[in-house]
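Student: sequence and predicted model, in that order:
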Amino acid sequence: MTTKSEPAQPVTVKCLVWDLDNTLWQGTLLEDGEVVLADAIREVIVELDSRGVLQSVCSRNDHDLAWARLESLGLAEYFVLPEIGWGRKSDAVRRIAEQLNFAQGTIAFIDDQPTERAEVTYHLPEVRCYPAEAAATLTGLPEFTPAVSTVDSRRRREMYQAGFRRDAERTEFEGADEDFLRSLELVLRIGRATEEELSRVEELTLRTSQMNATGVHYSDATLRALLRDPNHEVLVAAMSDRFGPHGAVGVILIEKHSTVWHLRLLATSCRVVSFGAGSTLLAWLGGQAYRAGVHFVADFRPTDRNRMMEIAYRFGGFDDEPCDCRAALPAPEVEGIERLHLLPAEWSGSATTRLEATDVIGAPATGLEAAR
C-alpha cells in the first residue's frame, strides 16, 4: 500500500521586493499627491523584518518624491537597495538579487499590476510573484516563515546595510587591502556555544555551503547533545568592526583525543571571506592544538561549491601526508570525507584582526612523541 507523501517545504524567501502605488500604499503618488498606508501593511513589513526577510522597493516613480514619502511614513529604513525609476521591473529585480548575491528563487515580488508580474515572470521565472491583495497575508505563508529565528536573523537588514556602507568605503580606499582591513578595526570573538546560541549555529550550517568544509548539517538536537559531551568543543565565532556587527560568522566542532584534535566541522559565512575570517579561525585553532601538544586533523569533503574552503585549508598548511594519529579517529560520517593533516605550529596572532577567544586547550595530551 502506498501512502501520500507530505508536500515539500517551499524555499524560504530571503528578499521581498515591493511595488509602491496601490500595493504598499493606497493611491498613486504622482496623481493623488497623498497616499495612505494601511496598518496591516505596516505590520507585515515590520514582522518580515523581524524574521530576517530583507525587503526592497521596485517602483515606477519619481525617486526623490517616493523616497521622501517612505521616510515620512517611517518605512524608508526597512528597505535595502531601492529601485525607483522608469526602467523594466525585471531588470530592477535582477539587480537587487545580484547585489544581494541571492539566488532568484529566494526573491519574491509583489505588484498590483498583472502585466508587471507577467513581465517579471517572463524574464525571471524563478522569482515568485504575488498580487497586491495578498500583501496582508504574506506573514502566514510558509515561504515567508524561516525555520529558525535568531538574534542575527532579526538584525539581518541592519547587518546588510552596514555591509553596503563598508563596501562603499572599500571602493574608495586607495591603500593596500591589508591596510583597509586594519582600518575596519575588526574584532573576532570565539567562544563556547551556549544553549541560546545553538539556533544561530544551526542556521549558519544550514545557510552555508560554499564555506562548509564537509557539507554536513548538524541539527539543533545533535548540537545540544554534543554540548554536553566533555570530549567535544562546539564553538561559535562572531565578528564586528567599526561599522557594526557581522553577527555569527563561524561554527567549529572539535572532537578531542589524547594525541589528536579532530575538526569535524568548520563552516564560515561567505560574507566574511574577504576579511580573512576562515583563515584566522584555522590559524588560531592550529595555535591552540600546538599549545595542547596534539596533532590536528580536519574533515573535508570536496563539493562543487566549497573550493574556497579547500584553498583555506591548504593555505593553512593542511596536507595529505600519512600519520598514525588518524588511527585514533572513528570512521567518517559520510562518504567522500578526506582527512587533512596538520602538524601545528605556534601562532603569533593576526595582523588585521583582534581576537577575543576562549582557551580550549584543556588537559595536556599524552603519547604525542609516538604520534610524531
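Tutor: Noted; the coordinates are in hand.

Student: where's residue 31, which helix or strand?
Tutor: helix 29-32 (DSSP states H and E).

Student: do residue 181 as well
Tutor: Applying DSSP H and E as the criterion places residue 181 in helix 177-183.

Student: check which residues of that helix are buried.
Tutor: 180-181 (16 or more other Cβ atoms under 10 Å). From N, CA and C alone the C-beta is placed, and that goes for glycine too.

Student: related to what we said a few turns ago, list the buried residues for the helix or strand that comes right after the helix holding residue 31?
Tutor: Next along the chain after helix 29-32, taking DSSP H and E as the criterion, comes helix 39-50. Buried residues in helix 39-50, counted by 16+ other Cβ under 10 Å: 41-42, 44-45, 48-49.

Student: likewise stretch 144-164?
Tutor: By neighbour count with 16+ other Cβ under 10 Å, stretch 144-164 contains the buried residues 144-146, 150, 152-153, 155-157, 159-163.

Student: what score does residue 315 have for pLDDT?
Tutor: Here, the pLDDT recorded for residue 315 equals 89.

Student: swap that for residue 2, please
Tutor: 41.

Student: next: the one 3 residues further on.
Tutor: In the prediction, the pLDDT value recorded for residue 5 is 44.

Student: where does residue 120 land in three-state SS?
Tutor: Classification of residue 120 by DSSP: H, G, I helix; E, B strand; the rest coil places it in helix.

Student: for this protein, which residues score under the pLDDT cut-off?
Tutor: Applying pLDDT under 70 to the chain picks out residues 1-8, 199-212, 215, 362-372.

Student: for it, what's the longest strand?
Tutor: If you go by DSSP state E, the chain has its longest strand at strand 244-256.

Student: partners of that one, with directions?
Tutor: Its sheet considered, strand 244-256 pairs with strand 232-241 (antiparallel), strand 260-268 (antiparallel) by DSSP bridges.

Student: ok, back up a step: possible to save the buried residues of stretch 144-164 as TSV with secondary structure?
Tutor: Listed next are the buried residues of stretch 144-164 as TSV, based on three-state DSSP:
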residue	secondary structure
144	helix
145	coil
146	coil
150	coil
152	helix
153	helix
155	coil
156	helix
157	helix
159	helix
160	helix
161	helix
162	helix
163	helix
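
Student: hey, where'd the helices end up in the chain?
Tutor: All helices of the chain, identified by DSSP state H, fall at 29-32, 39-50, 63-72, 89-100, 114-123, 151-154, 156-172, 177-183, 198-207, 220-227, 277-292, 307-315, 368-371.

Student: grab the most central residue of the chain for me.
Tutor: residue 269 (4.9 Å; Cα atoms, centre = their mean).

Student: my guess is that residue contacts residue 246. True?
Tutor: Yes. Using Cβ atoms under 8 Å as the test, residue 269 is close enough to residue 246 to be in contact (7.4 Å).

Student: go ahead and confirm residue 97 touches residue 109.
Tutor: No. Applying Cβ under 8 Å, one finds residue 97 not in contact with residue 109, separated by 10.3 Å.

Student: overlap of the contact sets of these two?
Tutor: Contact criterion Cβ atoms under 8 Å, 6 or more residues apart in numbering; residues shared by residue 97 and residue 109: residue 127.

Student: ok now the longest strand of the chain, how far from the chain's centre?
Tutor: Its chain's average C-alpha position is 11 Å from that of strand 244-256, according to Cα atoms, centre = their mean, to the nearest Å.

Student: for it, list the C-alpha coordinates in CSV.
Tutor: C-alpha atoms of strand 244-256 as CSV (Å, rounded to 0.1, in the frame of the first residue of the first chain):
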residue,chain,number,x,y,z
GLY,A,244,28.7,47.3,13.3
PRO,A,245,28.3,43.6,13.9
HIS,A,246,28.6,40.9,11.2
GLY,A,247,26.8,38.5,13.5
ALA,A,248,27.7,34.8,13.9
VAL,A,249,30.2,34.1,11.1
GLY,A,250,31.6,30.7,12.1
VAL,A,251,30.9,27.4,13.8
ILE,A,252,33.5,24.9,14.8
LEU,A,253,33.1,21.3,16.0
ILE,A,254,36.1,19.6,17.5
GLU,A,255,36.4,16.1,19.0
LYS,A,256,39.4,15.8,21.3
